[in-house]
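K.L.:
heads up, no residue letters with this:
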């Protein structure tokens, strides 16, 4: 009889222990998923910035209007982003020095000088539980990437 009583009492503690360990395991697993999404999104944004920069460095701005050149670069960036689920995406392109500092309009960049493409976007968190990592009211992580290339046009 003594054995039966102990096994009945242990059922509840086993259930509590499993619930506690499962919570920790699932939290860790979801954190790994969220970090994987962040790395994936950042890589796609870097590739999109590289694609936009490649279009910009060969764009013949000497006879193309600034509006057409900007729309060509924007189309390349948008296509490369492939609707990955970011919000508030903004891209800028500008002529820069070797440190990446803004020197003005990229369409006036001379052959051999650098230009930069910068993309900023917000990645919404899939699991709002991880808002404690970077508390914000928007429940998203801001990602910013910049790519510099040497101009081959003009």
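P.N.:
Arrived safely. Being a predicted model, the structure only gives us computed values, none of them experimental.
K.L.:
from here on, contacts and neighbour counts on C-alpha atoms
P.N.:
Fine.
K.L.:
In three-state terms, how would residue 119 be classified?
P.N.:
strand (DSSP: H, G, I helix; E, B strand; the rest coil).
K.L.:
and stretch 60-77, which residues are buried?
P.N.:
Buried residues in stretch 60-77, defined by neighbour count with 16 or more other CA atoms under 10 Å: 61, 69-70, 72-74, 76-77.
K.L.:
any residues touching it, and which ones?
P.N.:
For stretch 60-77, contacts defined as CA atoms under 8 Å, 6 or more residues apart in numbering pick out 48-49, 51-53, 55-56, 59, 91, 107-108, 153-154.
K.L.:
Against residue 45, how distant is the nearest residue to residue 107 once chain neighbours are set aside?
P.N.:
Nearest non-adjacent residue to residue 107, counting by CA to CA, 6 or more residues apart in numbering: residue 61, 5.7 Å away. Remark: distance between residue 61 and residue 45 (CA to CA, to the nearest Å) = 25 Å.
K.L.:
cool, and residue 103?
P.N.:
Taking CA to CA, one finds residue 103 at 23 Å from residue 45.
K.L.:
ditto for residue 96
P.N.:
20 Å.
K.L.:
neighbour count winner among these two?
P.N.:
A direct count of neighbours by other CA atoms under 10 Å for residue 96 and residue 45 places residue 45 higher, at 27 against 22.
K.L.:
Quick check: mean pLDDT of the host helix or strand of that one?
P.N.:
Assessed by DSSP states H and E, residue 45 sits inside helix 2-58. Averaged over helix 2-58, pLDDT sits at 85.
K.L.:
which other helices and strands contact that helix?
P.N.:
Packing partners of helix 2-58 (3 or more CA pairs under 8 Å, 6 or more residues apart in numbering; DSSP states H and E): helix 66-81, strand 114-124, strand 140-150.
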